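Colleague: Need coordinates for the following:
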Amino acid sequence: MLNIVVLISGGGSNLRALLERAARPDAGYRIVAVGADNQAAGLQHAADFGVPSFVVSPTDFADRQAWGRALAAKIVACGISKDAGLIVSAGFMRVLPADFVHEFTPRIINTHPALLPLFPGAHAVEDALAAGATKTGATVHFVDEGVDTGRTIAQCEVDILQGETVAVVHEKIKVVERQLLVDVVQDIATGKIALLAD
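Modeller: Numbers count the residues shown, from 1 in each chain. Presented below is the predicted three-dimensional model:
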């Protein structure tokens, strides 16, 4: 059984999908904790499923490195390391410090609402619409030191129709992103996807 810590910053719809899949008898993973960088609304999902949660706010630390060390300590206490478990960044809106990434690589994955390498960063849907893209989608990728630059694990496309707003496209992406993330995590848990450092 693969132990997972999920990191969130907002409503936690991806987290909810992972929790629901983990509750099935054929799940290959269990979520041992949910972490956030603020009192995120999505922490309620963890409470609904009886999963412990914690908040490590960057505003409580002198710099990103100190925050990263504190976050790492919480995750290590959950039994996650470079050799065991998995960290899933699911709507976690912070760039993880390099020391943190080094400590857990290759056991950190992230979801992103675009077909990377197109449209990295925090405004992926807005950027896709501004560029006149007719397709976008969701990517699950390994986390490295860059911003959405880690090796791609899986992607799923959605069409952008003329006149669609950022909110509409976001919602379309979220639907496929949830399923994509759940499938990838299950495949990592069952060994179909290998956790190999670059």
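
Colleague: where are the low-confidence patches of this protein?
Modeller: 197-198 (pLDDT under 70).

Colleague: all helices for this protein, in order.
Modeller: Along the chain, counting by DSSP state H, helices occupy 13-22, 43-48, 64-77, 98-104, 124-130, 166-189.

Colleague: okay, how far is it across stretch 4-20, tip to tip?
Modeller: One end of stretch 4-20 to the other measures 14 Å (C-alpha to C-alpha, to the nearest Å).

Colleague: Just name the most buried of the helices of the chain.
Modeller: Sort these by mean neighbour count, taking mean count of other C-beta atoms under 10 Å, and helix 13-22 sits at the top with a mean of 22. In this view, the C-beta of every residue, glycine as well, is placed from N, C-alpha and C.

Colleague: And that one, what does it pack against?
Modeller: In terms of contacts (3 or more C-beta pairs under 8 Å, 6 or more residues apart in numbering; DSSP states H and E), helix 13-22 is packed against strand 2-8, strand 29-36, helix 43-48, helix 166-189.

Colleague: A40 against I8, yeah?
Modeller: Yes - applying C-beta atoms under 8 Å as the test, A40 and I8 come out as touching, 5.3 Å apart.

Colleague: Could you check which of those two is surrounded by more residues?
Modeller: I8 (28 against 24; other C-beta atoms under 10 Å).

Colleague: list the contacts for G10?
Modeller: G10 is in contact with A40, A41, G42, G91, M93, counting by C-beta atoms under 8 Å, 6 or more residues apart in numbering.

Colleague: let's go with 10 Å and repeat that
Modeller: G10 sits next to A36, N38, A40, A41, G42, A90, G91, F92, M93 when contact means C-beta atoms under 10 Å, 6 or more residues apart in numbering.

Colleague: Out of those, which is nearest to V182?
Modeller: Of all these, A90 has the smallest distance to V182: 10.3 Å, by C-beta to C-beta.

Colleague: any idea how far that closest one lies from P113?
Modeller: 12 Å (C-beta to C-beta, to the nearest Å).
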